[in-house]
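A.B. asks: sequence plus the predicted model coming up.
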Amino acid sequence: MIPELDHPTFRLAVAQFDQVAEAMNLDTNLRERLKTPQRSLLVALPIRMDDGNVRVFQGYRVQHDSARGPSKGGLRYHQDVSLGEVAALAMWMTWKTALAGLPYGGAKGGVTVDPHTLSLAELERLTRRYAAEIFPLIGPDKDIPATDIGTNQQVMAWFMDTYSQQVGFAVPGAVTGKPQSIGGSLGREEATGRGVVNVTIEALRRKGINLEDTSVVIQGIGNVGSHTAKIFNEAGARVIGISDVTGGLFNPKGLPIDDVLQRRRSGLPLRDIKAGDHLTNDELLTQECTVLVPAALSEQITGNNAERLRCRILTEAANGPTTMEADAILNDRDVFIIPDILANSGGVIVSYFEWVQDVQRFFWNERDIRQRLHTIITSAFHRTLHFAEKKNTTMRTAALMNGIDQVAQAHTARGLYP
Ligand code: NAD
């Protein structure tokens, strides 16, 4: 590993890759290439703050692989963003898009900033400068950013506008996760959460558990977590625990999800909402439930808490929420894990729909989008399950093997340039 990329999340992504590459006997030359991203760009972002001073933020865009098509991946605004973390997330995007059969490679971008400390005007200036600095790498045929932690539809709209200003005409296909008024897709905002519920329902069926008998705990009630909660609730499951960065809210009888989400939207932190017991995030993770959904940051389930988890199914909505050590413990304890590259792929699947609609200038209705998402994600689930059972391995290994194999085939077919 090149020292610039050294970071716990990148080490986790590489350790997963090494384990699977060894098991599938992947060509060693290809292994070396796939452990290092294709392109990494670091940019300095000098921003005039509202008080008149200039602050310089650090931005990144990493393209892990483009053998199968343009690269695709979210844009994260968080105070802990670093090159190594972005590189790990870009690598996972490569396997994720390949597993879902989308014609993309993986990328990720980010800025080291806590967006909550910026005014709206500062956020806009930061986004526009970041888009202008990474402009040489991006475009609808090259690399297409989307939302991730700390970014939203408005950020994507500024991004699309900045890209369009550079080329002189509107390019909706330059980013996904935009508002509908400028080429966003119906169903994109809820897509990751909907995909999480789709694959969990398949896992519940497999285990013979009814939705009505299912209790769900969700860590992180941002974009992904809140839609996951809402859709599980509508489907008839009982959402008994949720959390944000301020802590968890727990009620074994079931939380009034619509009401809680409504109050969150009006700006109340979870710790100020009275609908159950207030727990720490660690306590929330270890409550008894049928399904646990980590939907916040990476490396939340570790060797320190894996023994204490009391769920039957772990659906990884976040990227990289489980360390290798915790993964081994949970597998020994027979917890059914739906790995991140499968569980949260609903976001990139509907991003793909958005890009296709933008390029074709022809828009689909919500029913089509939900049905097509369901078809793609549940077929990826069953392909993975079938492979895992045939090879007597875990869902994570099966999903990674499938994704890596698609990418390896593309590299072999294209050959080595020059
Ligand atoms: P977001 O910024 O909308 O929400 C993140 C949430 O996590 C917030 O509610 C925050 O309060 C909470 N949080 C932060 N630290 C926490 C902690 N220590 N404990 C509990 N909660 C904590 O982000 P998002 O877009 O919902 O993304 C969440 C996860 O899903 C990330 O890992 C992201 O990479 C992954 N993901 C997102 C998408 C997408 O479409 N947005 C797609 C695929 C995967």
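C.D. replies: Happy to help now that I have it.

A.B. asks: quick one: name the residues of the stretch 301-418 of the chain near the ligand.
C.D. replies: Taking Cβ under 6 Å from any ligand atom as the contact definition, the stretch 301-418 of the chain meets the ligand at 317-319, 344, 347. For the C-beta atoms, the positions are set from N, CA and C on the backbone; glycine is no exception.

A.B. asks: let's see that with 5 Å instead.
C.D. replies: Contact residues, the stretch 301-418 of the chain versus the ligand (Cβ under 5 Å from any ligand atom): 318-319, 344, 347.

A.B. asks: as CSV, these with pLDDT and secondary structure would be great.
C.D. replies: Output for these, formatted as CSV (pLDDT from 0 to 100; DSSP: H, G, I helix; E, B strand; the rest coil):
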residue, pLDDT, secondary structure
318, 98, coil
319, 96, coil
344, 98, coil
347, 98, helix
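
A.B. asks: got phi/psi on the closest residue to the ligand within the chain?
C.D. replies: Closest residue of the chain to the ligand, Cβ to the nearest ligand atom: residue 222 (1.7 Å). As for residue 222, its main-chain torsions (degrees, to the nearest 10) stand at phi -90, psi -150.

A.B. asks: isn't it right up against residue 296?
C.D. replies: Yes: using Cβ atoms under 8 Å, residue 222 is in contact with residue 296, at 7.3 Å.

A.B. asks: so for the two, which sits in the more crowded spot?
C.D. replies: With neighbours defined as other Cβ atoms under 10 Å, residue 222 and residue 296 compare such that residue 296 has more, 21 against 16.

A.B. asks: how close does residue 216 sit to residue 318?
C.D. replies: 15 Å (Cβ to Cβ, to the nearest Å).

A.B. asks: show me which of those two is the more surrounded one.
C.D. replies: Neighbours per residue, other Cβ under 10 Å: of residue 216 and residue 318, the larger number sits with residue 216, 29 against 24.

A.B. asks: so that one: helix, strand or coil?
C.D. replies: With DSSP: H, G, I helix; E, B strand; the rest coil as the basis, residue 216 sits in strand.

A.B. asks: repeat that for residue 239.
C.D. replies: From three-state DSSP, the assignment for residue 239 is strand.

A.B. asks: do residue 77 as well
C.D. replies: Assigned by three-state DSSP, the conformation of residue 77 is strand.

A.B. asks: surely it touches residue 151?
C.D. replies: Yes: at 5.5 Å, residue 77 counts as touching residue 151 under the criterion of Cβ under 8 Å.

A.B. asks: tell me, what's touching these two both at once?
C.D. replies: residue 115 (Cβ atoms under 8 Å, 6 or more residues apart in numbering).

A.B. asks: so who does residue 410 touch?
C.D. replies: Residue 410 neighbours (Cβ under 8 Å, 6+ apart): 67-68.

A.B. asks: what helix or strand is it on?
C.D. replies: helix 395-414 (DSSP states H and E).

A.B. asks: residues of that helix that come out buried?
C.D. replies: Buried residues in helix 395-414, counted by 16 or more other Cβ atoms under 10 Å: 395-408, 410-411.

A.B. asks: residue 305 is in contact with residue 330, correct?
C.D. replies: No: using Cβ under 8 Å, residue 330 makes no contact with residue 305, being 10.5 Å away.

A.B. asks: which of these two has more neighbours?
C.D. replies: Remark: of residue 330 and residue 305, residue 330 carries more neighbours, 20 against 14, as counted by other Cβ under 10 Å.

A.B. asks: give me the pLDDT for the more buried one.
C.D. replies: We note a pLDDT of 98 for residue 330 in this prediction.

A.B. asks: so what's it closest to, chain neighbours aside?
C.D. replies: Using Cβ to Cβ, 6 or more residues apart in numbering and skipping residues adjacent in sequence, the residue nearest residue 330 is residue 306, 5.5 Å away.

A.B. asks: residues touching that neighbour, list them.
C.D. replies: By Cβ under 8 Å, 6+ apart, residue 306 lies in contact with 322, 325-326, 329-330, 333.

A.B. asks: rerun at 10 Å
C.D. replies: 285-286, 314, 322-323, 325-333, 335 (Cβ atoms under 10 Å, 6 or more residues apart in numbering).

A.B. asks: also residue 141?
C.D. replies: Contact analysis of residue 141 by Cβ under 10 Å, 6+ apart lists 69-70, 173-174, 359.

A.B. asks: what do you get if the cut-off is 6 Å, keeping everything else the same?
C.D. replies: residue 70 (Cβ atoms under 6 Å, 6 or more residues apart in numbering).

A.B. asks: for it, give its distance to residue 381.
C.D. replies: 30 Å.

A.B. asks: residue 186: neighbour count?
C.D. replies: Count around residue 186 with other Cβ under 10 Å applied: 20.
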